[in-house]
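1. Show me the folded form of this:
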Amino acid sequence: MDFLRKKFSLEALIVTRGSQGAACLDESGFCEQPGFPVVVKDTIGSGDAFLAAYLRKMLVGENAAECLRFACAIGALAATKSGGTPTIGELEIETILKPKSLTNN
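-> Now for the predicted structure:
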């Protein structure tokens with residue numbers, strides 16, 4: 001990633017990894033976000049949803065880690081629905097982004 005970022009004078013380089021999440025290398029360094037576990041229905045549009053979500057957060061000044069977290073969540077939610085332009089509700093977003101509690105079994 002560093003080689004490509006330097007070779008093409010990129011401000012940032014993002015690599016998406018499908019169910020495995022994504023990684024970003026920018027001027028602040030390298031960060032990764034694991035994928036969100038979902039039941040996949042249709043992956044058409046997931047990449048577009050990821051990019052739109054990343055850009056939304058980036059344009060309001062969020063750091064790369066938060067941009068990746070939000071983008072991976074939206075990409076995952078898009079994959080749970082059919083079609084290339086699914087509707088994703090605020091409650092779905094809040095639910096997938098909510099930290100999971102650890103429980104003792």
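2. Show the contacting residues for the spatially most central residue of the chain.
-> The residue lying closest to the centre of the chain (Cα atoms, centre = their mean) is Cys72, at 2.1 Å. Under the criterion of Cβ atoms under 8 Å, 6 or more residues apart in numbering, the contact list for Cys72 reads Gly21, Ala22, Gln33, Pro34, Gly35, Phe36, Phe50. No exception for glycine: its C-beta is placed from N, CA and C like everyone else's.
3. tell me the pLDDT at it?
-> You'll see Cys72 listed with a pLDDT of 97.
4. Skipping adjacent residues, who's closest to it in space?
-> Distance criterion Cβ to Cβ, 6 or more residues apart in numbering; nearest residue to Cys72, sequence neighbours excluded, is Gln33 at 4.8 Å.
5. burial count for Gln20?
-> 12 (other Cβ atoms under 10 Å).
6. What of Asp26?
-> Asp26 - counted by other Cβ under 10 Å - has 17 other residues nearby.
7. I figured it was touching Asp2, is that so?
-> No - the pair Asp26 / Asp2 is not scored as a contact, 10.9 Å apart, by Cβ atoms under 8 Å.
8. which residues does Glu92 contact?
-> Contact criterion Cβ under 8 Å, 6+ apart gives Leu77 as the residues in contact with Glu92.
9. which parts of the helix or strand where it lies are buried?
-> Taking DSSP states H and E as the definition, Glu92 sits inside helix 90-97. Across helix 90-97, burial judged by 16 or more other Cβ atoms under 10 Å covers Ile96.
10. can I have it written out in CSV, keeping just the CAs?
-> Extracted in CSV, the C-alpha atoms of helix 90-97 (Å, rounded to 0.1, in the frame of the first residue of the first chain):
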residue,chain,number,x,y,z
GLU,A,90,-30.9,4.8,10.9
LEU,A,91,-31.8,2.1,13.5
GLU,A,92,-30.0,-0.6,11.4
ILE,A,93,-26.9,1.7,11.4
GLU,A,94,-27.1,2.4,15.1
THR,A,95,-27.5,-1.4,15.9
ILE,A,96,-24.6,-2.6,13.8
LEU,A,97,-22.3,0.1,15.2
